[in-house]
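**Student:** Fold the following for me, if possible:
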Amino acid sequence: MSSPIVSFDGISYEITLFRSDATGAMKQEKNTFGEHNLSVCAAPLNELHMWDRAKINGPPAEDGLIYYLCAQPQDVGARSFVWLKNKEEANVLRKAIADAEMLHYNAEDYWRQDSKCTFCGDMVSECGGDHGDEMRDIQREALRGDRY
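**Tutor:** Here you go, the predicted structure:
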């Protein structure tokens, strides 16, 4: 089984699954989800709502569960479902999604460390970025100055 490929840019996910066609040749099945929350799920057939089951195009796995990816829009819209072959594919996909998210957020944090703090002008990695106490002191001084 070829491992799924997942990319995440902070907003959209692109997931490539590999499926065998009628001749046995492997083909790519690409799914793109923008501004969605993704969940890799498993359930017995009788626990799925019939409308959700109708959207999952595939049979249950050998263990009797149906494995699927559920993509819930972050704002408004219907959920999307992608059938997964078995528990192994579900676990590999779950890990690939988590790895893609971690890679994106770690890269974002790396670049954020090299930026300058808008409060003190120092590098964020040096100042820590928490100036709550200083901001409160400035606010108190400004309020005291207005009274006199």
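
**Student:** Tell me which residues touch Ala55, please.
**Tutor:** Not Ala; residue 55 is Lys. Residues in contact with Lys55, defined by C-beta atoms under 8 Å, 6 or more residues apart in numbering, are Arg79, Ser80, Phe81. Backbone N, C-alpha and C define where each C-beta goes, glycine included.

**Student:** Sitting in strands, which of the residues you listed do you find?
**Tutor:** Per DSSP state E, strands hold the following members of the contacts of Lys55: Ser80, Phe81.

**Student:** ok, the contacts of Lys55 vs Gln72, which is closest?
**Tutor:** Using C-beta to C-beta, Arg79 comes nearest to Gln72 of the contacts of Lys55, at 5.1 Å.

**Student:** The closest one against Ile56, yeah?
**Tutor:** No. Contact criterion C-beta atoms under 8 Å: Arg79 and Ile56 do not qualify, at 10.8 Å.

**Student:** Looking at those two, which is more packed in?
**Tutor:** A count of neighbours by other C-beta atoms under 10 Å puts Ile56 above the other of Arg79 and Ile56, at 21 against 14.

**Student:** show me the contacts for that one.
**Tutor:** Contacts of Ile56 by C-beta under 8 Å, 6+ apart are Leu48, Ile66, Tyr68, Phe81, Val82, Trp83.

**Student:** For the residue nearest to the first one when sequence neighbours are not counted, report the pLDDT, please.
**Tutor:** Taking C-beta to C-beta, 6 or more residues apart in numbering as the measure, Leu48 lies nearest to Ile66, with 6.8 Å between them; neighbours along the chain are not counted. Model confidence at Ile66, given as pLDDT, is 96.

**Student:** biggest separation within the contacts of Ile56, which pair?
**Tutor:** Top of the distance list for those (C-beta to C-beta): Leu48 and Val82, 14.1 Å.

**Student:** Looking at these two, which one has more neighbours?
**Tutor:** Per other C-beta under 10 Å, whichever of Leu48 and Val82 has more neighbours is Val82, with 21 against 17.

**Student:** Pretty sure that one sits against Arg19.
**Tutor:** No. Look at Val82 against Arg19 with C-beta under 8 Å: they stay out of range, at 10.8 Å.

**Student:** Look up how far Ser7 lies from Ala142.
**Tutor:** 47 Å (C-beta to C-beta, to the nearest Å).

**Student:** Which one's more surrounded, those two?
**Tutor:** Per other C-beta under 10 Å, whichever of Ala142 and Ser7 has more neighbours is Ser7, with 14 against 9.
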